[in-house]
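**Student:** here is the input, now give the coordinates:
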Amino acid sequence: MFYIGVYGYSYQYTLDTKPALLMNPDQRETLFWHPLDNKRIQCDLCPHHCTLKDGQRGVCYVRGNVNGLMQLHTYGRSSGFCIDPIEKKPLNHYLPGTPVLSFGTAGCNLACKFCQNWDISKARGMDLLCNNATPKQLATAATDNKCRAVAFTYNDPVIFLEYAEDVAAACRAADIKSIAVTAGYISDAARPRFFSSFDAVNIDLKAFTDHFYRHICGGKLSTILDTLMYLKHETSIWFEITTLLIPNKNDSNEEIEALCSWVSKNLGQDVPLHFSAFHPDWKMQNIPATPLATLLRARSIALQNQIRYVYIGNIQHVQASSTYCHNCKTLLIERNGYQLDSWYIHDGKCGQCETVIPGIFGKNPGNWGPKRQPIFIDEN
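**Tutor:** Alright, predicted model coming up:
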């Protein structure tokens, strides 16, 4: 049980309580915080547990103390809307080939030096959030554009939990699925509520050493492992894992072996694992891009650890991006970039040997292809 502040008072709430919309449409009273003294409050949403004086904001920069109340400053605001192939999230075993409406806000509760969306995740001015959208408008936009799902991405949806929760509810009412693309950096207390909104998740497992997380991301590895264990053993949510391999930072044989061994032993053989290529960005522009050979080496190590579905990303490689039956090795889904060129799955089974393929598959593949289509949502 936690506290929610209402008009200067603090009340206890359960997980069924909804936060109240404030007068400012871009601010909303938040969940998962508690009062301290002298109008100081503590955020309980993520492991940073930011302690804030009146007027201060947390590490994420979007949750802050306003007159002794914790408020979300980006409710209903977005850094943009775009229709993407679902494989770009990346999800290869969830409604392959279909379009997904992607959106995010600003801010982040990690500080990854290699962030490829740093202009969004590290935005400090609300003027960068040039688009407004209510939850119902987002669900309607997804329906009108024939999207099967909405992806909460670009920055981490953990930090805009209340907005994400309301958007997911509106999507559910419209028979639209909700997908979280997240680093999984969330407190034990908030984890069940956050993930209850989603149908599918991609977890960004950034490395497999605490040193990397602490010095390059500003977080803790153990929290992400706890999140993965929670998803596997306490939910039925479909999830996949992505690791961006950075030369000489997290790409050694020993670290990749440790990561793959942990995944295989703790999450099982059927959780798809994606290894993606790093490209120089933000504070790590002096590091070269990841060579193809590194990704293929990581994929080989994962397969040796009995992980059945291993993919590479950010580099085009048809064989290492395609899906094969783990039983008979038949090619099931051929991927040329984000284009699906063949399909041999029937009723969720291999078309050759009828082995059940883990994932959520339609009767037919989607045909969205590699298109990226920005859209405008009318604020009226």
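
**Student:** which residues are in contact with the residue nearest the centre of the chain?
**Tutor:** With distances taken as Cα atoms, centre = their mean, the residue of the chain nearest its centroid is residue 181 (1.3 Å). Residue 181 is in contact with 89, 151, 152, 153, 157, 201, 202, 204, counting by Cβ atoms under 8 Å, 6 or more residues apart in numbering. Any C-beta I mention is one placed from the backbone N, CA and C, and that applies to glycine too.

**Student:** same thing but at 7 Å, please
**Tutor:** Residues in contact with residue 181 (Cβ atoms under 7 Å, 6 or more residues apart in numbering) are 89, 151, 152, 153, 202.

**Student:** and if you look at residue 201?
**Tutor:** Residue 201 touches 179, 180, 182, 195, 231, 237, 239, counting by Cβ under 7 Å, 6+ apart.

**Student:** which of those sit farthest apart?
**Tutor:** 179 and 231 (13.2 Å; Cβ to Cβ).

**Student:** which one's more surrounded, the two?
**Tutor:** Between residue 179 and residue 231, counted using other Cβ atoms under 10 Å, the more crowded position is residue 179 (29 against 22).

**Student:** that one against residue 89, yeah?
**Tutor:** Yes - if you go by Cβ atoms under 7 Å, residue 179 and residue 89 touch, sitting 6.2 Å apart.

**Student:** okay, and the common contacts of these two?
**Tutor:** 100, 151.

**Student:** against residue 277, how distant is residue 257?
**Tutor:** 20 Å (Cβ to Cβ, to the nearest Å).

**Student:** typed the wrong thing, it's residue 366
**Tutor:** From residue 366 to residue 277 the distance is 25 Å (Cβ to Cβ).

**Student:** what does the domain assignment say about the chain?
**Tutor:** Split into domains by automatic domain parsing, the chain comes to 2-72, 78-373.

**Student:** okay, the ones you listed, which one's buried deepest?
**Tutor:** domain 78-373 (a mean of 19; mean count of other Cβ atoms under 10 Å).

**Student:** and it, how far out from the chain's middle?
**Tutor:** The chain centre lies 6 Å from the centre of domain 78-373; the measure is Cα atoms, centre = their mean, to the nearest Å.

**Student:** stretch 67-80 now?
**Tutor:** Computed by Cα atoms, centre = their mean, the separation of stretch 67-80 from the middle of its chain amounts to 19 Å.
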